[in-house]
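**Q** this one's structure only:
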């Protein structure tokens with residue numbers, strides 16, 4: 001029983017060693033594949049993907065119950081209102097008003113896809129993040145979303161308006177695509193695919209190439225090996241060619 005386990009372990013170790021040497025032997029293919037796919041990812045990011053810019057505006061949501069200082073009840077009510085605001089900011093009345101004010105050529109769904117509303121944990125702050133291919137339009141939409149949101153939602157909910165604490169910034173550099181990230185991912189994917197193909201070819205190849213393969217796969221002992229030199233192969237090939245040429249000449253003469 002122990003002998004079988006040891007034999008199995010030896011076979012697994014030999015297979016892993018063979019796989020390692022197969023990959024090592026084809027390392028240049030893996031490297032070239034990784035470099036090629038990395039360059040492909042770089043070119044796609046540079047010349048085919050449209051850059052996108054991001055602008056962010058922030059709101060502070062609070063509902064004063066009494067005049068003067070803010071009480072704990074005001075803060076608690078503000079926290080609940082923040083959750084409601086998060087859902088209502090991208091509601092149809094708000095987005096359609098922004099589309100009308102800015103004369104945007106897009107639908108409610110298209111504008112909604114450009115907007116992300118975030119609420120940092122344990123805060124009454126709402127971040128309205130707008131992503132667009134035009135940095136100036138991204139800022140305009142962010143500012144309009146903040147202004148229309150506080151007016152429309154206050155009217156609908158009959159509450160105090162939220163305060164705009166930060167206007168949208170004008171983005172100077174795109175946030176997408178990430179050229180470096182795409183290049184690295186392309187290189188990793190290329191190398192991984194090359195490794196998979198090499199392993200698949202190796203594992204599916206069941207031809208016998210050496211006496212070790214005979215003993216391993218057929219369970220037979222090799223008594224002797226007859227070497228065949230390359231020169232002998234060439235001589236036999238040339239003899240066959242000359243014999244076939246003489247036969248054809250004889251046939252023409254006849």
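**A** Now that the structure is in, tell me what you want to look at. Please read these numbers as outputs of a predicted model, since none were measured by experiment.

**Q** and residue 17, how many residues sit next to it?
**A** Residues within reach of residue 17, counting by other C-beta atoms under 10 Å, total 10. C-beta: built from backbone N, CA, C; applies to glycine.

**Q** Verify the stated contact: residue 29 with residue 196.
**A** No - taking contacts as C-beta atoms under 8 Å, residue 29 lies outside contact range of residue 196: 11.9 Å.

**Q** Which one's more surrounded, those two?
**A** Neighbour count, other C-beta under 10 Å: between residue 29 and residue 196, residue 29 has more, with 15 against 10.

**Q** Now do the contacts for the more buried one.
**A** 194, 198 (C-beta atoms under 8 Å, 6 or more residues apart in numbering).

**Q** and it, which of the three is it?
**A** Under DSSP: H, G, I helix; E, B strand; the rest coil, residue 29 falls in the helix class.

**Q** Could you give the average pLDDT over stretch 195-213?
**A** Across stretch 195-213, pLDDT averages out at 77.

**Q** Actually, stretch 91-111.
**A** 93.

**Q** Could I get the buried residue list for it?
**A** For stretch 91-111, burial by neighbour count (16 or more other C-beta atoms under 10 Å) applies to 94-95, 97-99, 102, 104, 108, 111.

**Q** Residue 112 contacts residue 89, doesn't it?
**A** No - assessed by C-beta under 8 Å, residue 112 is found out of contact with residue 89, at 10.1 Å.

**Q** And the strands in this structure?
**A** 53-60, 115-118, 125-132, 163-166 (DSSP state E).

**Q** out of those, nearest to residue 85?
**A** Residue 85 lies closest to strand 125-132 among the strands of the chain, at 5.6 Å (C-beta to C-beta).

**Q** The closest one pairs with which strands, and in what direction?
**A** strand 53-60 (antiparallel), strand 115-118 (antiparallel) (DSSP bridges).

**Q** And the longest one, what's buried?
**A** With burial defined by 16+ other C-beta under 10 Å, the residues of strand 53-60 counted as buried are 53-59.

**Q** ok, now stretch 188-206?
**A** Applying 16+ other C-beta under 10 Å to stretch 188-206 flags 189-191, 194-195, 198 as buried.

**Q** got the residues you listed as CSV, with distance to residue 180 columns?
**A** Listed next are these as CSV, based on distance: C-beta to C-beta, whole Å:
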residue, distance to residue 180
189, 15
190, 16
191, 17
194, 22
195, 23
198, 28
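
**Q** out of the residues you listed, which one sits closest to residue 21?
**A** Using C-beta to C-beta, the buried residues of stretch 188-206 come closest to residue 21 at residue 198, 11.5 Å.

**Q** Quick check: the closest one touching residue 24?
**A** No - assessed by C-beta under 8 Å, residue 198 is found out of contact with residue 24, at 10.6 Å.

**Q** Give me the below-cutoff pLDDT ranges for the stretch 51-200 of the chain.
**A** 62-81 (pLDDT under 70).

**Q** Please enumerate the helices of the protein.
**A** 2-25, 27-47, 72-88, 92-102, 108-114, 135-157, 179-204, 211-213, 230-253 (DSSP state H).

**Q** Okay then, goodbye and thanks.
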